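Asker: fold the following, please.
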Amino acid sequence: MSCGLVRSGFAAFLFGGMLTIVCPVAVADRINLAALTELEDAKQAGRIVKEYKGETLEFPQVGRLSPAAAEVLAKHDTDIELNAVRKLDADLAAAWSGFKHTLLLHGVTHLDDQTSAALAAGSATLSLENLESLTHVQLAAKLAKQANFLRFRRLTKIEKPVADALSQGICGLALPMIETLDHAGIATKLLNDGTFPCIFERLAVLEPAAGKALCVVPCDLYFKSLTKMPPAVAKALEGHRGVLDVDQLEGLDPAACASLLTNNGPLDLGGCDTLVVPGQPVPPAVLEAFSGHQGSLTLGGLANIPLDLADAIRQRQHHTTLTDVAFVTAVLAGGLAGKGGPNGVVWLPHATGIEQGQNNAAQALLMIKPRPGPVGALGPAAIILPGELKDKLPEALTVAIEKHACLHFNNQFGP
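Answerer: Here you go, the predicted structure:
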């Protein structure tokens, strides 16, 4: 029996113990959307709409699309993805005016005013993740009214009229590449009610009004390239709740440091070298802020830590990581070991040596006494040294450290 060329499969049934193959009615194959590189024909577009009714249309390779074909696709009843389209003109944008679903155009990087106006006048929910500029206020206002998340992966700046429009809508918003944040409304919008971390990859300038807005709700903030923190900006960030990562700061002002240490949550702080001036004490307000900070603390830039700062770190109740301490001096050891030793956990992940001899840092560390009382969530108070240090110390010292209840290699719970 010949059934012809059928791509839609077949069925097999058992009749009286005999296997019978039943050929289905032959139907034409559906258009392979993944193989299309252009869509110019309106009739072909109509066939696609008919064949894929109720399904999301994904055109991963279609770079050329005619307005006539787009107008037909706009009648489709669910989302359409055209991320291979690189250029969009006003005629093509206008062809989508009646589309009622989400139109993904992640390949589009630039829009002129006429094209922007045509998109703004349409009904589609737009996703334009890779726009490199957004200057059309009406388009920004339309995007802001969408009840979806807007992620602009390449926008580095937005002017105030566009920022005003974006900040007044119901959309979620992410601007990871923004270079200047000086708009309080945009800053508040970027928080997204604290539902996920707010990451700034290229932010170089943060203004006080925007900084204050970033503290409206608890949210984890990561500033990956922010190097300057004027005291006024740090003051605006006082009392922030959540992670605050400013590890790229340089030349941190003592007043700014004290403000940042009011953060309610983990703090990764760079630029701390300026807090230590040879022959001068660390400002009392800074010492008080260090000892009072209620969260894990990572300090960058501190290679040599004076006694007063070491004592403030000793008083902390949480983790403290000293990333730039390469050599444990007798001064540092004495400050951490004083008055019975640390209240929390002090990590020295990059220490390559311990001062010995007349100025015996090792002896000071070994004099620490375990603190009485219950062990907290962090485990017992301890000083943690890197495991690599074991091979650089005298064997007797390594053994003594391994036997000590408050000194550990790698972590306080074991290797």
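Asker: wait, doesn't E159 sit right on T135?
Answerer: Yes. With contacts counted by Cβ atoms under 8 Å, E159 reaches T135, the gap being 6.8 Å. For every residue, glycine as well, the C-beta is placed using N, CA and C.
Asker: for A69, give me its contacts.
Answerer: Contact analysis of A69 by Cβ atoms under 8 Å, 6 or more residues apart in numbering lists 39-42, 44-45.
Asker: list the contacts of stretch 270-285.
Answerer: So stretch 270-285 is contacted by 227, 229, 246-255, 257-258, 286, 299-306, 308-309, 312 (Cβ under 8 Å, 6+ apart).
Asker: which ones among these map onto helices?
Answerer: 254-255, 257-258, 286, 308-309, 312 (DSSP state H).
Asker: could I get those as CSV with neighbour count?
Answerer: Formatted as CSV, the ones in helices among the contacts of stretch 270-285 follow (neighbours: other Cβ atoms under 10 Å):
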residue, neighbour count
P254, 17
A255, 16
C257, 25
A258, 23
V286, 22
D308, 17
L309, 24
A312, 22
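Asker: what sits against the residue nearest to L73 when sequence neighbours are not counted?
Answerer: Sequence neighbours aside, A45 is the residue nearest to L73 in space, at 5.2 Å (criterion: Cβ to Cβ, 6 or more residues apart in numbering). Applying Cβ under 8 Å, 6+ apart to A45 gives the contacts 39, 68-70, 72-73.
Asker: so how do I select the buried members of the residues you listed in ChimeraX?
Answerer: This is the ChimeraX syntax for the buried subset of those, where burial follows 16 or more other Cβ atoms under 10 Å:
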select :39,68,69,70,72,73
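Asker: for the residue most central in space within the chain, name its beta-bridge partners.
Answerer: Ranked by distance to the mean C-alpha position of the chain (Cα atoms, centre = their mean), the top residue is I199 at 3.7 Å. Counting by DSSP bridges, I199 is bridged to Y222.
Asker: buried ones in the helix or strand where the residue nearest to L73 lies?
Answerer: For A45, the host element (DSSP states H and E) is helix 42-51. Within helix 42-51, the residues that count as buried by 16+ other Cβ under 10 Å are 42, 45, 48-49.
Asker: same deal with stretch 357-377?
Answerer: Buried residues in stretch 357-377 (16+ other Cβ under 10 Å): 361-366, 368.
Asker: and stretch 149-166, by the same measure?
Answerer: 150-152, 155, 158, 162-166.
Asker: again with stretch 58-67
Answerer: In stretch 58-67, the ones that count as buried by 16+ other Cβ under 10 Å are 59, 62-63, 65-67.
Asker: return the member of those residues nearest to S127.
Answerer: Distances from S127 to the buried residues of stretch 58-67, taken as Cβ to Cβ, are shortest for F59 (14.2 Å).
Asker: measure the closest one to S259 for me?
Answerer: Taking Cβ to Cβ, to the nearest Å as the measure, F59 falls 52 Å from S259.
Asker: same thing with N359?
Answerer: Relative to S259, and taking Cβ to Cβ, N359 is found at 35 Å.
Asker: ok, and the closest non-adjacent residue to N264?
Answerer: N264's closest residue in space is R241 (Cβ to Cβ, 6+ apart), at 4.5 Å.
Asker: hang on, the one you found packs against C215?
Answerer: Yes. Contact criterion Cβ under 8 Å: R241 and C215 qualify, at 7.4 Å.
Asker: more neighbours, those two?
Answerer: Counted by other Cβ atoms under 10 Å, R241 and C215 do not tie: C215 has more neighbours, with 22 against 16.
Asker: return the backbone torsion pair for the more buried one.
Answerer: When read as degrees, to the nearest 10, the backbone of C215 gives phi -100, psi 10.
Asker: ok, now which ones touch it?
Answerer: 236-241.
Asker: then L302?
Answerer: L302 makes contact with 272-273, 275-276, 309, 322, 324-325, according to Cβ under 8 Å, 6+ apart.
Asker: let's see it at 6 Å
Answerer: Contacts here follow Cβ atoms under 6 Å, 6 or more residues apart in numbering; on that basis L302 touches 272, 324.
Asker: if I look at it, how far off is L309?
Answerer: From L302 to L309 the distance is 8 Å (Cβ to Cβ).
Asker: all strands of the stretch 51-200 of the chain, in order?
Answerer: 57-58, 64-65, 80-81, 102-104, 125-127, 149-151, 172-174, 180-181, 198-200 (DSSP state E, counting those that start in this stretch).
Asker: G344: which of the ones you listed is closest?
Answerer: strand 198-200 (27.5 Å).
Asker: pLDDT below threshold where in the stretch 251-400 of the chain?
Answerer: 373-377 (pLDDT under 70).
Asker: how about 80 then?
Answerer: 357-359, 371-379 (pLDDT under 80).
Asker: now do the helices in it.
Answerer: Secondary structure of the stretch 251-400 of the chain (DSSP state H, counting those that start in this stretch): helices at 254-260, 284-292, 307-315, 330-337, 361-366, 395-403.
Asker: quick one: those as CSV, columns for distance to V345 too.
Answerer: Below are the helices of the stretch 251-400 of the chain laid out as CSV (distance: least, Cβ to Cβ, whole Å):
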stretch, distance to V345
helix 254-260, 21
helix 284-292, 15
helix 307-315, 11
helix 330-337, 11
helix 361-366, 14
helix 395-403, 15
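Asker: ok, and the closest non-adjacent residue to K189?
Answerer: Using Cβ to Cβ, 6+ apart, the closest residue to K189 is L173 (4.6 Å).
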